[in-house]
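Engineer: A structural model of the following input is requested.
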Amino acid sequence: MLLSSDAAPSEQCSGLAESRKAAGHDSGACATGVVIYKVDTSTATGSGPIRVVTNPDAAAPTGNCTALDMQTWKPGH
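Structural biologist: All right, here's what the predicted structure looks like:
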């Protein structure tokens with residue numbers, strides 16, 4: 001679920017936020033909270049134009065979870 005998208009701080013970069021919660025198809029989510037993405041339109045498709053903003057306080061992955069699965073942000077981060 002897209003929460004917000006900023007008003008293009010530059011002509012090439014923007015950000016967006018996605019709410020993740022353990023419900024429905026995501027009932028087995030590894031982490032819940034907000035995932036923040038950086039979108040860089042100057043980067044070619046396939047070269048990473050959309051990147052997850054990593055959270056230095058993210059919990060370590062367990063089980064089948066990866067480090068990227070754990071990059072949610074909580075209020076106050």
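Engineer: only C-alpha atoms from now on, for both contacts and neighbour counts.
Structural biologist: Noted.
Engineer: ranking helices and strands of this structure by mean pLDDT, which lands last?
Structural biologist: Within the chain, no helix or strand scores below strand 2-5, which has a mean of 45 by mean pLDDT, DSSP states H and E.
Engineer: helix or strand right after it?
Structural biologist: Where DSSP states H and E defines the elements, the next helix or strand beyond strand 2-5 is strand 13-20.
Engineer: and whichever helix or strand comes after that following strand, average pLDDT?
Structural biologist: Using DSSP H and E, the helix or strand that follows strand 13-20 in sequence is strand 33-40. Averaged across strand 33-40, pLDDT comes to 92.
Engineer: the helix or strand following strand 33-40 pairs with which strands, and in what direction?
Structural biologist: Heading C-terminal from strand 33-40, the first helix or strand you meet, by DSSP H and E, is strand 50-52. Looking at strand 50-52 with DSSP bridges, its partner strands are strand 33-40 (antiparallel).
Engineer: what's the angle between the strand it pairs with and strand 13-20?
Structural biologist: Using axes from the mean of the first three to the mean of the last three C-alpha atoms, to 10 degrees, the direction of strand 33-40 lies 160 degrees away from that of strand 13-20.
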